[in-house]
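Visitor: Make a model of this:
(2 chains)
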Amino acid sequence: MSAATPVAAVRQGSLIEARDVVLSYGPTPALRGASVSAAAGEIVAVMGPSGSGKTTLLHCLAGILVPESGEIWFDGRRVDTMSETARSALRRDRFGFVFQFGHLVPELTAIENAALPLMLGGARPRQALDQARGWFAELSLDGLEQRRSGELSGGQGQRVALARALAVRPEVLFADEPTGSLDSLAGQQVMDLLTAAARKQGSTVILVTHDARVAAYADRQVIVRDGQVSSLSRGRAG
Amino acid sequence: MALLGLLEREPSHGYDLKRDYDAVFGRGKPLPVGQLYATLGRLVRDGKAVAGPAEPGGGPERKPYAITGAGAAEVQAWLAQPAEPGPYLQPVLFAKIMLALLLGRPAEPYLDAQRGAHLERMGELTELRRSGSLPDAVLADYGLFHLEADLRWIDMTAQRLSALAQSVHR
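Guide: Below is the predicted model:
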């Protein structure tokens, strides 16, 4: 008789962690005591059916949403009790984001899009553009610097979004269905590049996906069900 | 059929056939020499290949083999025939779930364990796809898509466990 051996979704020595988080949208509970953690440099996939609360959990971890109860910790600091200004600074300076649709600014060129968070963080335009350009080579985007988002394929646009997220050298990269709008091959390329780049610079990745082939890139997978988190795997690091 | 196909490419000695088979099809499971010569013997017996005279001083591995017209026709027919899709009903997964429900035991922990095992294997295949050659990647993709199909079935089944339990006990 096979049965799952319970494996904690929270681990010692984590860089980022949600502890017993509760959050509702009006009368509808989204998270009901969700706990999960990720170590520095670890890639954790958060899986679950539509409406299970996985994106809400990502938003809580990233300081976008503040839970009604429970705690969010990052690098030894409590995030959920920070001011909105402090959480904004955290998101801008230490986190990176990739969403299902690139959310590129259509009026800007690809390279300007990638450099935008650096400029918002106070970098000089030339310095920001140079730094972003380095990622264009890394992500096979050479030659596309001056294109606008309407002139990019879905895969190219998503790689520009990835360059934008990585340009700030984030300690945590949050990716919410990063291949959801792409065909299999383009999705594979984005995931190959995302995970290789994250590992190269030691970023932790919180990867929300319903796609098992995407989740398979992670070191560890957890599933959100009815607003709570269970581990599906022990992780490659044991 | 793979050996016959290799012979269609060019007449070969047993040793060369094994080397080519292992490189293209073996994928970590080399063809046993005994099986190689048993298969070649069957192909000759059935008129799909012919064996030339052994070269002086050589053992059986120095005997050249060549495909016949009948063998080439068989390769062509095999390539043209789609593989049987088959209603791959996951008999083991299905049996475990049904037995758990029949015995009044929770099936969800089993499904989670299966999800974990599938994801672990998919992780290995993803690594093979990333680090291997293009043929490795194409073969790994085949496995990944099949495992993904299993997982989709597991997800769908997980959402219907209550109804399934009721139908089992009806």
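
Visitor: And the helices in the chain?
Guide: As the question left the chain open, I've gone with chain A. Listed in chain order, the helices found in chain A under DSSP state H are A:54-61, A:84-94, A:110-120, A:125-138, A:154-167, A:184-201, A:212-215.

Visitor: nope, chain B please
Guide: For chain B, the helices defined by DSSP H occupy B:2-9, B:14-21, B:33-45, B:69-80, B:91-102, B:108-131, B:134-159, B:161-169.

Visitor: CA atoms of the first one as CSV?
Guide: So that's helix B:2-9. Taking C-alpha atoms only, helix B:2-9 is exported to CSV below (Å, rounded to 0.1, in the frame of the first residue of the first chain):
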residue,chain,number,x,y,z
ALA,B,2,16.1,-1.3,-35.7
LEU,B,3,18.8,-3.7,-36.7
LEU,B,4,17.1,-4.4,-40.0
GLY,B,5,16.9,-0.6,-40.6
LEU,B,6,20.6,-0.3,-39.8
LEU,B,7,21.3,-3.0,-42.4
GLU,B,8,19.3,-1.1,-45.0
ARG,B,9,21.7,1.8,-44.5
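
Visitor: on that earlier part again, compare the helices of chain B and say which comes out lowest on pLDDT.
Guide: Here the helices of chain B differ in mean pLDDT, and the lowest is helix B:91-102 at a mean of 75.

Visitor: who does it touch, helix- and strand-wise?
Guide: Secondary-structure packing of helix B:91-102 (3 or more Cβ pairs under 8 Å, 6 or more residues apart in numbering or on different chains; DSSP states H and E): helix B:108-131, helix B:134-159, helix B:161-169. The C-beta positions use only the backbone N, C-alpha and C, and glycine is treated the same way.

Visitor: what's the closest of these to A:Gln158?
Guide: Closest approach to A:Gln158 among those (Cβ to Cβ): helix B:108-131, 18.2 Å.

Visitor: How about residues contacting that closest one?
Guide: Residues external to helix B:108-131 that are found in contact with it (Cβ atoms under 8 Å, 6 or more residues apart in numbering or on different chains): A:1-5, A:188, A:192, A:212-213, A:215-218, A:221, A:223, A:230-234, A:236, B:93, B:96-97, B:100, B:136-137, B:140-141, B:143-144, B:147-148, B:150-151, B:154, B:157-158, B:161.

Visitor: hang on, the earlier thing: would you reformat the helices of chain A as JSON lines and include distance to chain B and mean neighbour count?
Guide: Listed next are these as JSON lines, based on distance: least, Cβ to the nearest Cβ, whole Å; neighbours: other Cβ atoms under 10 Å in any protein chain shown:
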{"stretch": "helix A:54-61", "distance to chain B": "13", "mean neighbour count": "25"}
{"stretch": "helix A:84-94", "distance to chain B": "28", "mean neighbour count": "15"}
{"stretch": "helix A:110-120", "distance to chain B": "24", "mean neighbour count": "22"}
{"stretch": "helix A:125-138", "distance to chain B": "16", "mean neighbour count": "17"}
{"stretch": "helix A:154-167", "distance to chain B": "17", "mean neighbour count": "25"}
{"stretch": "helix A:184-201", "distance to chain B": "6", "mean neighbour count": "18"}
{"stretch": "helix A:212-215", "distance to chain B": "4", "mean neighbour count": "26"}
